[in-house]
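Peer 1: sequence below, structure please.
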Amino acid sequence: MKFKTTKMKYLVSCIITFNLLFLANFVSSADVKFDVDIPTNSKPYQIFEYKGSLEVSCNITSTPPTSDYEVKWYKGTSEIPITDPAAKTRFSTYHNGGLHTLKIRKLVEDDSGNYTCNVIYDKKVVANATIITIGKGRVKIPANINVVEGEKLRIHCQVVGQPEIIWEIGNATYPNGPDKRVSLHKDEETGMENAILVLENIQLTDRGTYKCIARNKVTLEVEDDSESFVRIKDKLAALWPFLGICAEVIILCAIILIYEKKRNKQELEESDTDQSPDQKHTPDHGKDSDVRHRK
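Peer 2: Numbering: from 1, shown residues only. A predicted model of the protein is given here:
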């Protein structure tokens with residue numbers, strides 16, 4: 001009987017201890033509060049150069065202080081595979097206390113986007129912070145363009161990154177410029193809006209500088225621009241050389257005709273002067289020819 005009582009006391013003690021530990025752990029988990037923010041020396045967005053490197057950081061604090069948590073980095077909704085051997089050549093992480101940093105190397109266009117620092121505690125996401133990264137836009141158009149008056153001008157702006165594209169023609173900015181002949185179109189291959197400028201029925205007065213500008217979508221700061229000087233050719237320009245050639249031929253033919261007429265006239269005058277008046281009126285003139293004929 002005494003053995004059963006001791007055994008029962010031991011079982012009750014184990015149950016109470018387990019419950020206390022579970023309750024303590026639950027209370028401890030419930031009482032820890034996490035806060036994640038962007039370091040004060042950083043911005044909620046970062047602009048990077050392609051082919052370079054970039055670091056994004058988040059600062060994690062907890063009340064009461066604890067280091068019993070895990071940090072996972074996401075791009076959009078996809079976790080970055082830090083432990084993947086293939087990803088290690090471009091992605092790495094390190095931390096200094098509560099400051100956690102993701103480093104990205106050999107940046108490409110697809111690296112633009114939202115990077116989120118997720119704090120995992122007790123197998124749940126308890127806090128997070130997001131940093132926006134934007135690749136610095138680059139644009140390029142031909143330096144010189146020639147177009148014939150009355151035709152359509154089309155300028156294709158080659159774009160790197162995902163900037164906002166605007167155009168300048170003289171003092172006017174497009175879209176929303178005053179000239180209704182100007183329209184901006186999407187590049188179907190890259191999906192870039194306003195990458196193609198079209199000017200209908202171009203006139204001689206449209207001659208000048210056309211500029212494609214890359215502007216940051218978040219800050220609206222100009223990141224890059226490219227200029228092209230457009231020259232307008234007269235639509236009759238091709239006709240002038242032909243008319244010139246025709247005029248040269250006509251003038252040359254007229255000179256030849258005048259020269260030939262003058263030369264024939266001179267030959268006739270010279271043939272008349274070859275026979276003197278004395279020979280024409282002598283009685284014997286022509287006898288030699290008659291004698292020869294008789295023979």
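Peer 1: low-confidence ranges, the stretch 1-150 of the chain, go.
Peer 2: Within the stretch 1-150 of the chain, the segments meeting pLDDT under 70 span 1-30, 40-44.
Peer 1: quick one: buried residues of stretch 182-202?
Peer 2: Within stretch 182-202, the residues that qualify as buried by neighbour count (16 or more other Cβ atoms under 10 Å) are Val182, Leu184, Asp187, Met192, Asn194, Ala195, Ile196, Leu197, Leu199, Ile202. For glycine as for every other residue, the C-beta is placed from the backbone atoms N, C-alpha and C.
Peer 1: show only the entries of those found in strands.
Peer 2: Under the assignment DSSP state E, the buried residues of stretch 182-202 contribute Val182, Leu184, Ile196, Leu197, Leu199 to strands.
Peer 1: tell me which two of the buried residues of stretch 182-202 sit farthest apart.
Peer 2: Using Cβ to Cβ, the pair of these lying farthest apart is Met192 and Ile202, separated by 23.7 Å.
Peer 1: please name the bridge partners of the residue nearest the centre of the chain.
Peer 2: Nearest to the mean C-alpha position of the chain, by Cα atoms, centre = their mean, lies Val159 at 1.2 Å. Applying DSSP bridges to Val159 yields these beta-bridge partners: Val139.
Peer 1: ok, it touching Ile141?
Peer 2: No: in terms of Cβ atoms under 8 Å, Val159 does not count as a neighbour of Ile141; the distance is 10.1 Å.
Peer 1: how close does Leu197 get to Asp206?
Peer 2: Between Leu197 and Asp206 the computed distance is 12 Å (Cβ to Cβ, to the nearest Å).
Peer 1: how about His185?
Peer 2: Distance, His185 to Asp206, by Cβ to Cβ: 18 Å.
Peer 1: same question for Ser183.
Peer 2: Taking Cβ to Cβ, one finds Ser183 at 14 Å from Asp206.
Peer 1: cool, Thr89 as well?
Peer 2: For Thr89 relative to Asp206 (Cβ to Cβ), the value is 50 Å.
Peer 1: and Thr133, by the same measure?
Peer 2: 40 Å.
Peer 1: now Tyr69
Peer 2: 63 Å.
Peer 1: neighbour count winner among the two?
Peer 2: Higher neighbour count among Tyr69 and Asp206: Asp206, with 19 against 16, using other Cβ atoms under 10 Å.
Peer 1: got a list of what that one touches?
Peer 2: Listed by Cβ atoms under 8 Å, 6 or more residues apart in numbering, the contact set of Asp206 reads Leu153, Leu199, Val230, Ile232.
Peer 1: apply 10 Å and report the result again.
Peer 2: For Asp206, the contacting residues are Val147, Glu149, Leu153, Ile169, Gly170, Asp179, Arg181, Val182, Leu199, Val230, Ile232, by Cβ atoms under 10 Å, 6 or more residues apart in numbering.
Peer 1: where does Tyr259 land on pLDDT?
Peer 2: On the pLDDT scale, Tyr259 is placed at 80.
Peer 1: so it: helix, strand or coil?
Peer 2: Taking DSSP: H, G, I helix; E, B strand; the rest coil as the rule, one finds Tyr259 in the helix state.
Peer 1: and for Thr93?
Peer 2: Assignment for Thr93 (three-state DSSP): strand.
Peer 1: for Glu109, see how far away it is.
Peer 2: 23 Å.
Peer 1: got it, and Asp84?
Peer 2: Distance from Asp84 to Glu109, by Cβ to Cβ: 21 Å.
Peer 1: Glu79 too?
Peer 2: Counting by Cβ to Cβ, the gap from Glu79 to Glu109 is 21 Å.
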